[in-house]
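# This is a predicted model, with the sequence first.
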Amino acid sequence: MDDTRKARNADLAFAILTIAVGALFFFEARKLPASRFDPLGAGAFPMAIAGLLTMMGVVALVMTLAGKRIGAAETSLIVGVNQTDQTAPPRPWLAVFSFLAVATYTAVLQIWPGNYMWATAALLAALGIAMSPRDPRSAGIALMIAVTGAAFLDYVFGTLLRLSMP
């Protein structure tokens with residue numbers, strides 16, 4: 001099987017999986033009980049997000065069936081900005097690492113009595129460094145963005161929205 005056919009099959013599988021996950025979450029969100037103080041109900045926001053996810057899956061499926069690639073980037077916003085070749089190489093390990101990092105982050109927030117801000121900074125730093133070129137300057141920029149972003153999120157959710165953060 002050639003690379004083009006493998007890529008097309010992967011895109012088809014991704015689109016179908018996205019549609020299935022969106023539909024599953026939509027129907028599960030419908031089961032959430034109604035609230036006295038929320039006229040839309042507790043499931044309105046999750047249903048909207050699941051509906052958008054399903055629609056994006058349908059768009060991806062249509063694009064794939066039309067012969068377009070959904071898993072390839074023409075240009076990269078992080079890697080290759082200063083290079084003459086603007087085609088970003090596929091990095092499936094990055095997707096796997098990102099998924100595992102987010103899964104670890106959510107598990108850590110459940111069991112670690114530490115500060116939300118530092119756990120978020122660690123996640124953002126790990127993802128930023130994984131997506132950047134391997135040089136000290138890029139790592140430093142990723143760390144600055146991670147700490148600034150985590151502090152901003154902590155301020156917005158903890159201070160402005162007055163949510164109790166772990």
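Nice, I can see it. The structure displayed is predicted, hence computed values, not measured ones.

# any idea which helix is longest in this protein?
helix 3-29 (DSSP state H).

# Buried residues in whatever helix or strand comes next after that one, which are they?
Once helix 3-29 ends, the next helix or strand along the chain (criterion: DSSP states H and E) is helix 44-65. Using 16 or more other C-beta atoms under 10 Å as the test for burial, helix 44-65 gives 46-47, 50, 53-54, 57, 60-61, 64. For glycine as for every other residue, the C-beta is placed from the backbone atoms N, C-alpha and C.

# For helix 44-65, enumerate the helices and strands it packs against.
helix 3-29 (3 or more C-beta pairs under 8 Å, 6 or more residues apart in numbering; DSSP states H and E).

# picking up where we left off before, please name every helix or strand in contact with the longest helix of the chain.
Under the contact criterion of 3+ C-beta pairs under 8 Å, 6+ apart, helix 3-29 touches helix 44-65.

# Show the backbone phi and psi for the residue located most distally from the centre of the chain.
Relative to the centre of the chain, the most outlying C-alpha is that of residue 36, 32.3 Å out, by C-alpha atoms, centre = their mean. Note on residue 36: its backbone torsions stand at phi -70, psi -30 [degrees, to the nearest 10].

# Next one: the nearest residue to residue 33 once chain neighbours are set aside relative to residue 112, how far apart?
The shortest distance from residue 33 to any non-neighbouring residue, by C-beta to C-beta, 6 or more residues apart in numbering, is to residue 42 (6.4 Å). Noted for residue 42: a distance of 28 Å to residue 112, by C-beta to C-beta, to the nearest Å.

# now the buried residues of helix 44-65 in JSON lines, with pLDDT and distance to residue 101?
Compiled in JSON lines, those are given as follows (pLDDT from 0 to 100; distance: C-beta to C-beta, whole Å):
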{"residue": "46", "pLDDT": "86", "distance to residue 101": "23"}
{"residue": "47", "pLDDT": "88", "distance to residue 101": "28"}
{"residue": "50", "pLDDT": "92", "distance to residue 101": "23"}
{"residue": "53", "pLDDT": "93", "distance to residue 101": "21"}
{"residue": "54", "pLDDT": "95", "distance to residue 101": "25"}
{"residue": "57", "pLDDT": "93", "distance to residue 101": "23"}
{"residue": "60", "pLDDT": "91", "distance to residue 101": "24"}
{"residue": "61", "pLDDT": "93", "distance to residue 101": "28"}
{"residue": "64", "pLDDT": "91", "distance to residue 101": "27"}
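
# Save these as CSV, and put in distance to residue 129 too.
Below are the buried residues of helix 44-65 laid out as CSV (distance: C-beta to C-beta, whole Å):
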residue, distance to residue 129
46, 32
47, 36
50, 32
53, 28
54, 33
57, 30
60, 29
61, 34
64, 32
